[in-house]
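Asks: Here's my sequence, what's the structure:
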Amino acid sequence: MPGWAPRGMKIYGGRNIFAASEGMVCLQAMAGLRAMSNWCREPEEEMATDAQGHHKLLLRAREGESFDRWASDQPITVRRWQMLRTIYRRVAGLDVHKKTVVATRMRMTEDDRVVWETKTFGTTTPDLLELHDWLLEWSSTHVAIESTGDFWKPVYNVLEGTFELLVVNAKHVKHVPGRKTDATDSEWLAELMMHGLLKASFIPPEPQRALRDMTRYRTTLVQERARVVNRVQKLLEGANIKLSSVATDIMGVSARAMLDEIVAGQADTTLLAELAKGRMRTKIPELEKALTGKVKAHHRFLLAKQLAHVDFLDEQIEEISAEIGRHMAEMGGPSRPGADAGGGEKPTEGEQPLPPLTWEEAVALLDTIPGVNRRAAEVILAEIGLDMSRFPTADHLASWAGLAPGNHESGGKRYSGRRTKGNRSLSSMMTEAAQAASRSKDTFLSARYHRLAARRGKKRAIGAVAHSMIVMIWHILTSRQPYRELGGNYFDERKKESKVNYYLRRLEQLTGAAVTLGFQPAAA
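Replies: Alright, predicted model coming up:
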């Protein structure tokens, strides 16, 4: 029986490709005039079977797609030639844009031929629901979505729960330049999906995505508050007020009281300096000099607006922090089916399994790390979650966060080891936490920072400390044990004897004489 293909549907099998473009086309081809276009003109035994070679063959096949009409009634015999094993038989690929989604659904027929169809949809919710039903018509099981900005999120929200969704990095499925269209991109995604050649990005469950939205917005507000405080400082400099030269924080209790009085019109520096509290009262003479300036009416107007903006941001940050706390209290343990509680090791036979790790417990565990407070712990957990089993090792987590050195080697030479981009929200928070840890007293992280900063510079030392901290976080959440401080003298105690011998040799080199070391009991 002849086969029929509707308009827009493409069918290929083995070396021969069929493309139906006009109405209903009979697949009972008439041989005698011309043969069908081939996949590739190399012999079978020379075909590449790796992923890269497969990609090239798919591209070359697409270049040669054509449809010919024959004058004979003899049916075409389709040879099945499968270069890579088919992993999924019913898949789809979505090329997502702001206003449109180009979708290709693809399936393997019973006689091992591949049939696919491409269609364009809008990005409004009704259009995406139509896309949802269109994919269900062919019982598609796996859908690959190209991660284009934030435009993939509406598509993900509609298709989540019905299909196995893979959000893939566009860099990993890059097309050959000059042969790129939206339709071929969606077909390319579907073909790679069918052969299991795509690597999915980490998309957390919906409750964790909501937590991410709130923590990221809070971070934006904190950054905006810092910008407004800098504007206040710039305004005070323009009015000859040198308050920041005396007060460390111009938004502190004492400095803020002085700024409020300046807005109210107070110009007496003695009265302004008397508003100092605590240790600031020892700096009253310096404050009187710093508060002597040339404050105009427009300075007071702008200062009032900027201080009101700071108060508004403080209020917003507090409200969001409270909502984050409530949301984390309502969330349970890892929501991924089959995930271990906290990603820890599975209990041995005879041991009772540990209860699921809650978000509040995880925050308390991370809070034991120097440089990590509650706000930082909330941001870190919102990005990585509780289930560490999705990261096989701590190095995988560090690489995903963008805190591991990159690889660039060619011709036996190693070039720049620049870090990858990774998760920017997580890497920026880890860098902030590393800077705080580097200023802690008598801690392992502080010792590591100072040890590396002397040789490699401060920026590289901060990056190394951030890497150490993300590795610690993986082990803490995996073992569910708090941070254990090694002490600021860890590196000295680790190789104590070699350190002593090194300094003895240095003394001999400097003095030119033999140096002997004697010990005597310390004075009581």
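
Asks: what ranges of the stretch 401-524 of the chain fall below the confidence cut-off?
Replies: 522-524 (pLDDT under 70).

Asks: Quick one: the strands in it, in order.
Replies: 409-410, 413-414 (DSSP state E, counting those that start in this stretch).

Asks: Strand partners (parallel or antiparallel) of the last one?
Replies: Put plainly, it is strand 413-414. strand 409-410 (antiparallel) (DSSP bridges).

Asks: what does the strand it pairs with contact?
Replies: By C-beta atoms under 8 Å, 6 or more residues apart in numbering, the surrounding residues in contact with strand 409-410 are Tyr415. No exception for glycine: its C-beta is placed from N, CA and C like everyone else's.

Asks: between the strands of the stretch 401-524 of the chain, which gets nearest to Leu243?
Replies: strand 413-414 (50.3 Å; C-beta to C-beta).

Asks: Could you list the low-confidence segments of the stretch 101-250 of the chain?
Replies: Applying pLDDT under 70 to the stretch 101-250 of the chain picks out residues 175-178.

Asks: So which residues of it form strands?
Replies: Secondary structure of the stretch 101-250 of the chain, counting by DSSP E, counting those that start in this stretch: strands at 114-122, 142-146, 164-168.

Asks: Count the neighbours of Lys174 for me.
Replies: 12 (other C-beta atoms under 10 Å).

Asks: got it, and Arg256?
Replies: Arg256 - counted by other C-beta under 10 Å - has 17 other residues nearby.

Asks: one step back: most tightly surrounded among the strands of the stretch 101-250 of the chain?
Replies: Sort the strands of the stretch 101-250 of the chain by mean neighbour count, taking mean count of other C-beta atoms under 10 Å, and strand 142-146 sits at the top with a mean of 25.

Asks: Dump that strand to CSV, keeping only the CA atoms.
Replies: The C-alpha coordinates for strand 142-146 follow below in CSV (Å, rounded to 0.1, in the frame of the first residue of the first chain):
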residue,chain,number,x,y,z
HIS,A,142,10.7,14.2,25.6
VAL,A,143,10.8,17.8,24.6
ALA,A,144,14.1,19.8,24.1
ILE,A,145,13.8,23.6,24.7
GLU,A,146,16.6,26.0,23.8
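
Asks: Please shift the residue numbers so they start at 58 in all later answers.
Replies: Taking 58 as the first residue, the last one we looked at is strand 199-203.

Asks: Could you tell me how far stretch 497-513 lies from the centre of the chain?
Replies: 27 Å (C-alpha atoms, centre = their mean, to the nearest Å).

Asks: ok, and for that stretch, which residues are buried?
Replies: By 16 or more other C-beta atoms under 10 Å, the buried positions in stretch 497-513 come out as Ser497, Thr500, Phe501, Leu502, Ser503, Ala504, Arg505, Tyr506, Leu509, Ala510.

Asks: Which one, of the strands of the stretch 158-307 of the chain, ends up nearest to Lys515?
Replies: Closest approach to Lys515 among those (C-beta to C-beta): strand 221-225, 36.4 Å.

Asks: tilt between the closest one and strand 199-203?
Replies: If you take axes from the mean of the first three to the mean of the last three C-alpha atoms, to 10 degrees, strand 221-225 sits at 20 degrees to strand 199-203.

Asks: other SSEs contacting strand 221-225?
Replies: For strand 221-225, the elements it packs on are strand 199-203, helix 209-216, judged by 3 or more C-beta pairs under 8 Å, 6 or more residues apart in numbering; DSSP states H and E.

Asks: Look up the closest residue to Leu141, ignoring the ones flanking it.
Replies: His252 (4.6 Å; C-beta to C-beta, 6 or more residues apart in numbering).

Asks: State the distance from that neighbour to Tyr145.
Replies: Distance of His252 to Tyr145, given as C-beta to C-beta, to the nearest Å: 8 Å.

Asks: do Ile527 as well
Replies: On the measure of C-beta to C-beta, Ile527 and Tyr145 end up 34 Å apart.

Asks: Next: Glu263.
Replies: 24 Å.

Asks: Looking at these two, which has the bigger crowd around it?
Replies: Tyr145 (19 against 12).

Asks: For that one, identify the helix or strand it belongs to.
Replies: Under the assignment given by DSSP states H and E, Tyr145 is not contained in any helix or strand.

Asks: my guess is it contacts Val200, does it?
Replies: No. Tyr145 lies out of contact with Val200 (C-beta atoms under 8 Å); the separation is 10.1 Å.

Asks: which neighbours do those two share?
Replies: Common neighbours of Tyr145 and Val200 (criterion: C-beta under 8 Å, 6+ apart): Met250.

Asks: would you turn the strands of the stretch 158-307 of the chain into a markdown table with distance to Leu192?
Replies: As requested, these are exported to a markdown table (distance: least, C-beta to C-beta, whole Å):
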| stretch | distance to Leu192 |
| --- | --- |
| strand 171-179 | 10 |
| strand 199-203 | 7 |
| strand 221-225 | 11 |
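
Asks: which residue sits closest to the most centrally placed residue in the chain, ignoring its sequence neighbours?
Replies: Of all residues in the chain, the one closest to the mean position by C-alpha atoms, centre = their mean is Asn480, 2.2 Å from it. The shortest distance from Asn480 to any non-neighbouring residue, by C-beta to C-beta, 6+ apart, is to Ala458 (5.3 Å).

Asks: residues near the one you found, how many?
Replies: 27.

Asks: Kindly state the domain boundaries assigned to the protein.
Replies: 61-120, 147-251, 286-387, 389-465+473-581 (automatic domain parsing).

Asks: And the last one, how far out from the chain middle?
Replies: How far domain 389-465+473-581 lies from its chain's middle: 20 Å, per C-alpha atoms, centre = their mean.

Asks: what does stretch 211-229 give?
Replies: From the chain centre to the centre of stretch 211-229 is a distance of 16 Å (C-alpha atoms, centre = their mean).

Asks: Distance check, Leu329 against Trp173.
Replies: According to C-beta to C-beta, Leu329 stands 76 Å off from Trp173.

Asks: still on that earlier bit, these two touch, right, the residue nearest to Asn480 and Gly479?
Replies: Yes. Using C-beta under 8 Å, Ala458 makes contact with Gly479 at a distance of 5.0 Å.

Asks: any common contacting residues for these two?
Replies: Common contact partners of Ala458 and Gly479 (C-beta under 8 Å, 6+ apart): none.

Asks: give the contact list for the residue nearest to Asn480.
Replies: So Ala458 contacts Glu440, Ile441, Gly479, Asn480, Leu483, Ser484, Met487, Ile527 (C-beta under 8 Å, 6+ apart).

Asks: repeat for Glu281
Replies: Contacts of Glu281 by C-beta under 8 Å, 6+ apart are Leu370.

Asks: One more: Asp306?
Replies: With C-beta under 8 Å, 6+ apart, Asp306 has these contacts: Ala312.

Asks: With Thr500 instead?
Replies: By C-beta under 8 Å, 6+ apart, the contact set of Thr500 is Pro427, Ala494, Glu542, Gly544, Gly545.

Asks: and the gap between it and Leu268?
Replies: The gap separating Thr500 from Leu268 is 29 Å, by C-beta to C-beta.

Asks: what's the answer for Thr205, then?
Replies: 24 Å.

Asks: Compare these two and say which is more crowded by neighbours.
Replies: Leu268 (24 against 16).

Asks: So that one sits against His384, correct?
Replies: Yes. The criterion here is C-beta under 8 Å, and Leu268 meets it with His384 at 5.8 Å.

Asks: Leaving aside the residues adjacent along the chain, what's closest to Ala521?
Replies: Spatially, and ignoring its direct neighbours in sequence, Ala521 is nearest to Leu509 (5.3 Å; C-beta to C-beta, 6+ apart).
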